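A.B. asks: Need a 3D model of the following:
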Amino acid sequence: MADTDTTTATRPTQGAAQGSVEAGLDALEAPATNRPPLRQTVVHKILPPLIAVALVLVVWQALISLKIVDDPAKLPSPADVGREFENAWLEGRLLGYIWTSVSRGLLGFLLALAIGTPLGLLVARVKFVRAAVKPVLSGLQSLPSVAWVPPAVIWLGLDNSMMYAVILLGAVPSIAGGLVSGIDQVPPLFLRAGRTMGATGLRGAWHIVLPAALPGYLAGLKQGWAFSWRSLMAAEIIASSPDLGIGLGALLENGRNASSMAMVFEAILLILFVGVAVDLLVFSPLERRVLRSRGLLVKG
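C.D. replies: Just a heads-up that it's a prediction; the model follows:
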């Protein structure tokens with residue numbers, strides 16, 4: 001009788017313990033939805049880059065004030081560069097510089113995406129194509145983008161098609177190579193499970209291969225954008241023409257021709273700003289979302 005009472009009393013306790021364990025596992029699997037407080041966001045994400053920029057400006061101004069570099073033709077002061085920005089803004093030229101380059105860069109990157117993605121799938125899934133094309137992709141990635149500018153000018157002339165050709169030659173190998181690397185890292189079990197459920201051919205590529213290879217593919221996209229942006233800047237610096245408008249690369253070249261270091265620094269800062277902005281606004285959120293969906297990043 002005592003044993004029966006003990007067993008009866010133990011069962012609710014075991015059920016409660018099992019329920020608490022299941023609740024704990026559910027809590028671990030459930031995504032965190034609470035946003036971090038504003039103060040934490042400011043301290044950890046906004047304040048550090050602001051401090052870094054402030055330190056750069058302090059060191060920059062110190063080089064001028066302490067006469068370490070006393071030649072404005074070599075290093076203009078932050079105030080001189082600021083006045084260059086102000087003049088370009090007041091004259092309505094600043095946004096034009098940015099839009100001319102950004103519109104070309106984004107369109108060229110989208111074209112590279114449309115070409116590089118199927119090319120990467122083909123190289124990763126067809127052995128003959130892989131053996132023939134993958135070494136070429138690796139070689140193209142190591143080739144400086146500026147090397148494509150002279151032949152592109154000769155072949156296509158000084159127009160936007162030349163710009164896009166240089167962007168494609170710089171970005172497509174990186175996008176295709178990133179997708180190939182991502183597919184190579186897909187566990188074979190995923191592919192066998194997909195074939196068992198009938199996901200073969202294009203269906204298997206869309207529903208199994210691409211989602212599983214997404215981290216590597218995203219890394220290739222980031223590298224592809226970096227290559228396309230650098231390729232575009234090289235093309236705008238070397239192949240300048242009134243018909244092409246004035247982008248950030250042409251602005252940099254105009255500053256060199258005019259011996260205006262303030263304009264040169266203006267162009268450099270704008271090029272850097274666009275590159276950082278695209279990474280922060282496009283690729284970093286995508287990367288966080290992909291990592292969080294795989295349990296590799298804890299929200300907040």
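A.B. asks: residue ranges with poor pLDDT in the stretch 51-200 of the chain?
C.D. replies: 191, 198-200 (pLDDT under 70).
A.B. asks: And the helices in it?
C.D. replies: For the stretch 51-200 of the chain, the helices defined by DSSP state H, counting those that start in this stretch occupy 78-90, 94-125, 127-142, 149-156, 160-184, 188-196.
A.B. asks: Pro48 is nearest to which of those helices?
C.D. replies: Closest to Pro48 of those, according to C-beta to C-beta: helix 78-90, at 20.4 Å. In short, each C-beta sits where N, CA and C put it, glycine included.
A.B. asks: For that closest one, name the packing helices and strands.
C.D. replies: Other helices and strands packing on helix 78-90, by 3 or more C-beta pairs under 8 Å, 6 or more residues apart in numbering; DSSP states H and E, are helix 47-65, helix 94-125, helix 261-278.
A.B. asks: returning to what we had before: could you look over the helices of the stretch 51-200 of the chain and pick the most buried one?
C.D. replies: Of those, the one with the most neighbours on average (mean count of other C-beta atoms under 10 Å) is helix 160-184, at a mean of 24.
A.B. asks: Compute the inter-axis angle for that helix and helix 127-142.
C.D. replies: Angle, helix 160-184 to helix 127-142, by axes from the mean of the first three to the mean of the last three C-alpha atoms, to 10 degrees: 120 degrees.
A.B. asks: Check which helices and strands helix 160-184 sits against.
C.D. replies: Contacts defined by 3+ C-beta pairs under 8 Å, 6+ apart place helix 160-184 against helix 94-125, helix 127-142, helix 149-156, helix 214-238.
A.B. asks: How far off centre is it?
C.D. replies: Offset of helix 160-184 from its chain centre (C-alpha atoms, centre = their mean, to the nearest Å): 13 Å.
A.B. asks: do stretch 181-195 as well
C.D. replies: Counting by C-alpha atoms, centre = their mean, stretch 181-195 comes out at 25 Å from the chain centroid.
A.B. asks: circling back: dump the helices of the stretch 51-200 of the chain into JSON lines; add distance to Leu270 as well.
C.D. replies: Shown next, in JSON lines, are the helices of the stretch 51-200 of the chain (distance: least, C-beta to C-beta, whole Å):
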{"stretch": "helix 78-90", "distance to Leu270": "9"}
{"stretch": "helix 94-125", "distance to Leu270": "6"}
{"stretch": "helix 127-142", "distance to Leu270": "27"}
{"stretch": "helix 149-156", "distance to Leu270": "21"}
{"stretch": "helix 160-184", "distance to Leu270": "18"}
{"stretch": "helix 188-196", "distance to Leu270": "44"}
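A.B. asks: Select, out of the ones you listed, the one closest to Trp225.
C.D. replies: Closest among the helices of the stretch 51-200 of the chain, once you apply C-beta to C-beta, is helix 94-125, at 5.6 Å.
A.B. asks: now that closest one against helix 160-184, angle please.
C.D. replies: Computed with the same axes, to 10 degrees, the direction of helix 94-125 lies at 40 degrees from that of helix 160-184.
A.B. asks: would you list the helices and strands packed on helix 78-90 in a markdown table and tack on distance to Ile167?
C.D. replies: Output for those, formatted as a markdown table (distance: least, C-beta to C-beta, whole Å):
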| stretch | distance to Ile167 |
| --- | --- |
| helix 47-65 | 28 |
| helix 94-125 | 3 |
| helix 261-278 | 14 |
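A.B. asks: and of those helices, who's closest to Val136?
C.D. replies: The closest of the helices and strands packed on helix 78-90 to Val136 is helix 94-125. By C-beta to C-beta, the value is 9.6 Å.
A.B. asks: Determine the set of other helices and strands touching the closest one.
C.D. replies: So helix 94-125, by 3+ C-beta pairs under 8 Å, 6+ apart, packs with helix 78-90, helix 127-142, helix 160-184, helix 214-238, helix 248-257, helix 261-278.
A.B. asks: From the chain's centroid, how far away is the fourth one?
C.D. replies: Spelled out, it's helix 214-238. The answer for helix 214-238 is 8 Å, by C-alpha atoms, centre = their mean.
A.B. asks: What of the last one?
C.D. replies: Between the mean C-alpha point of helix 261-278 and the mean C-alpha point of its chain there is a distance of 17 Å (C-alpha atoms, centre = their mean).
A.B. asks: So which bits of the next helix or strand after it are buried?
C.D. replies: For helix 261-278, the following helix or strand on the C-terminal side (DSSP states H and E) is helix 284-293. Applying a neighbour-count criterion of 16 or more other C-beta atoms under 10 Å, one finds Glu287, Val290 buried in helix 284-293.
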